[in-house]
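K.L.:
Starting from these lines, generate the structure:
(chains A and B)
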Amino acid sequence: MNYQWDFGIIWSSMPVFGRGIVVTIELTLICLVLGLILGMLLSLAQMSRVRALQVAGRSFVEFFRNIPALIQLIWFFYAFPILIGAQLSPFTAAVLGITLNTGAYCAEIYRSGIQSIARGQWEGARAIGMSDKAIFRRIILPQVFDRMLPAFTNRAVEVAKITSLASVLSVHDLMYQGRLLSATYYRPLEILTAVGILYLCIIYPLSFASMMAERHLARKR
Amino acid sequence: MAYEWDFGVVLAQWPLFLKGLGGTLLIAAISIGLGVILGAIIATGRMSRLAWLRIPAGIYVDFYRNTPGIVHFFWFYYALPIVADIRMGPLEAAVLALTTQSASFYCEVFRGAILSLPKGQWEGGAAIGMTRFQTLRRVILPQAALRMVGPFIERTFELIKTTSLASTLAYGELLYSATQISAQTYRPMEVYTVVALIYFCLLFTFSLLARRVERRLTHV
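P.N.:
Now for the predicted structure:
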């Protein structure tokens, strides 16, 4: 092997990588926040007493969990605009696809968290005359928040990874910049390795937070 | 909306869809098989008493868990041939990426199940004079195997979904077939809807079957 490594290319590409990293982080944050809100609504729908809402919530979750995320992104970019008759920017299509996907997974986290609280707590609170809404807010939510934290930080890791698929729609994220740079300079080895390491630097702190959350929970029990 | 739906044109391309489905199932099957073997080896390394085995195995798993799959696909396809001086086809690159990635997840499935057993099981084995290996084979693994079933199915489900990334290397799986059909028919709406439904049916059937197998195995 006498391949001439050229790591200088990585340093001179840093500004471009930097722009990609900003887009990756933006996409992750937007989709995570919107996904958390959507997931909450979906899980409430699934636990509602109205049958139609239950079915709708359940089907949404099953649908988004049983189709690869890449297909969802491509569908929202190439197919959805035809349905609504308006072109979406790659970024919007990516936000839409990733948010709905994240929402479906978050719904499952909320649902299993809320269902993990013993029924007796609802019954007890009702017995002292609290309304369902008050029970949910004052008794159930504070307890499930802790239990759900590791699952949510894990989801954040997944969301950060999924955002890399947006590069396929040519959203200018880290992966996209890496592909572009490696094609431009013809240095795929250095550049793609650097992309991998940069992703590791972005995602590892999230994993670490997840580990900490799990430990915190284990100690509490 | 005055859009005229036309699934006929798209469905007429069914041989291409079928070919894509074959491609998807092929890389999924190879990667599951190889991933399980590699995963078992790495799990052994991670639980070894030797630091020089344990630490690299830990780094391997952490690396794969904290980087997106698409990076691995591109790395194996474009970068590895440069280091290793070999020719790499889309199929080989996709299988390598999927295998190494799923190995890290399978490793955690195996390790998690083994670690979930109480320490007393190991001590009991040692007390009646079994070696560590004998205890593992006769006492630990038979119990741990049952606990692996659920997480194993979940990881395999994720692996099948990840196969769609192979389309970015122009490997002929379902999504790649879909892009080809879409280019030929100018019907992205119908094509991508059909391909989403094919995936849905495939994965939904898989999870139903898997749930049944899991129930069978774990409720004896």
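K.L.:
So which residue is dead centre in the chain?
P.N.:
Here I'm looking at chain A. Chain A has residue A:159 as the residue nearest its centroid, 2.9 Å off, counting by CA atoms, centre = their mean.
K.L.:
Let me rephrase: I mean chain B.
P.N.:
Geometric middle of chain B (CA atoms, centre = their mean) lands on residue B:159, at 2.9 Å.
K.L.:
Which residue, other than its chain neighbours, is closest to that residue?
P.N.:
residue B:102 (4.8 Å; CB to CB, 6 or more residues apart in numbering or on different chains). All C-beta spots, glycine's among them, are computed from the backbone N, C-alpha and C.
K.L.:
do residue B:195 as well
P.N.:
residue B:178 (4.1 Å).
K.L.:
Please give me every residue in contact with that neighbour.
P.N.:
B:17, B:20, B:191-192, B:194-195 (CB atoms under 8 Å, 6 or more residues apart in numbering or on different chains).
K.L.:
one more time with 10 Å
P.N.:
A:71, A:74-75, A:78, B:10, B:13, B:16-17, B:20, B:164, B:167, B:188, B:191-196, B:198-199 (CB atoms under 10 Å, 6 or more residues apart in numbering or on different chains).
K.L.:
Of the residues you listed, which belong to strands?
P.N.:
The members of those all map outside strands under DSSP state E.
K.L.:
Tell me which entries of those lie within helices.
P.N.:
A:71, A:74, B:10, B:16-17, B:20, B:188, B:191-196, B:198-199 (DSSP state H).
K.L.:
any low-confidence regions in chain B?
P.N.:
B:1-2, B:220 (pLDDT under 70).
K.L.:
that older thread, what count of nearby residues applies to the residue nearest to residue B:159?
P.N.:
26 (other CB atoms under 10 Å in any protein chain shown).
K.L.:
That one and chain A: what is the separation?
P.N.:
Residue B:102 sits 14 Å away from chain A, going by CB to the nearest CB, to the nearest Å.
K.L.:
Check residue B:3 too.
P.N.:
Using CB to the nearest CB, we find residue B:3 at a distance of 6 Å from chain A.
K.L.:
Count the residues that sit near that residue.
P.N.:
10.
K.L.:
where's it, which helix or strand?
P.N.:
Using DSSP states H and E, residue B:3 sits in no helix or strand.
K.L.:
give the contact list for it.
P.N.:
A:82-85, B:189.
K.L.:
can you rerun that using 7 Å?
P.N.:
Contacts for residue B:3 (CB atoms under 7 Å, 6 or more residues apart in numbering or on different chains) come out as residue A:82.
K.L.:
now swap in residue B:20 and tell me
P.N.:
With contacts defined as CB under 7 Å, 6+ apart, residue B:20 is in contact with B:172-174, B:176-178.
K.L.:
Redo those residues as JSON lines? Include distance to residue B:40.
P.N.:
What follows is these, written out as JSON lines (distance: CB to CB, whole Å):
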{"residue": "B:172", "distance to residue B:40": "30"}
{"residue": "B:173", "distance to residue B:40": "26"}
{"residue": "B:174", "distance to residue B:40": "29"}
{"residue": "B:176", "distance to residue B:40": "31"}
{"residue": "B:177", "distance to residue B:40": "33"}
{"residue": "B:178", "distance to residue B:40": "35"}
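K.L.:
Would you tell me which one of these comes nearest to residue A:12?
P.N.:
For the contacts of residue B:20, the residue nearest residue A:12 by CB to CB is residue B:176; the value is 34.1 Å.
K.L.:
Would you agree the closest one is in contact with residue B:169?
P.N.:
No. Contact criterion CB atoms under 7 Å: residue B:176 and residue B:169 do not qualify, at 8.8 Å.
K.L.:
can you map out the helices along chain A?
P.N.:
Counting by DSSP H, the helices of chain A are A:8-12, A:14-47, A:51-65, A:69-74, A:80-84, A:90-115, A:119-127, A:132-135, A:141-162, A:174-185, A:188-220.
K.L.:
Pick the most deeply packed of these.
P.N.:
Most buried of these by mean neighbour count (mean count of other CB atoms under 10 Å in any protein chain shown) is helix A:69-74; its value is a mean of 25.
K.L.:
name the helices or strands packed onto that helix?
P.N.:
helix A:90-115, helix B:188-218 (3 or more CB pairs under 7 Å, 6 or more residues apart in numbering or on different chains; DSSP states H and E).
K.L.:
Show me the shaky parts of chain A.
P.N.:
A:1-2.
K.L.:
Quick check: residues of chain A near chain B?
P.N.:
A:1, A:3, A:63, A:66-68, A:70-71, A:74-75, A:78-79, A:82-83, A:85, A:161, A:164-165, A:168, A:175, A:179, A:182, A:188-189, A:192-193, A:195-196, A:199-200, A:203-204, A:207 (CB under 7 Å from any CB of the partner chain).
K.L.:
So what's the residue count around residue B:103?
P.N.:
24.
K.L.:
check which helix or strand covers the residue nearest to it when sequence neighbours are not counted.
P.N.:
Of all residues not flanking residue B:103 in the chain, residue B:38 sits nearest, at 3.7 Å (CB to CB, 6+ apart). Under the criterion of DSSP H and E, residue B:38 resides in helix B:14-46.
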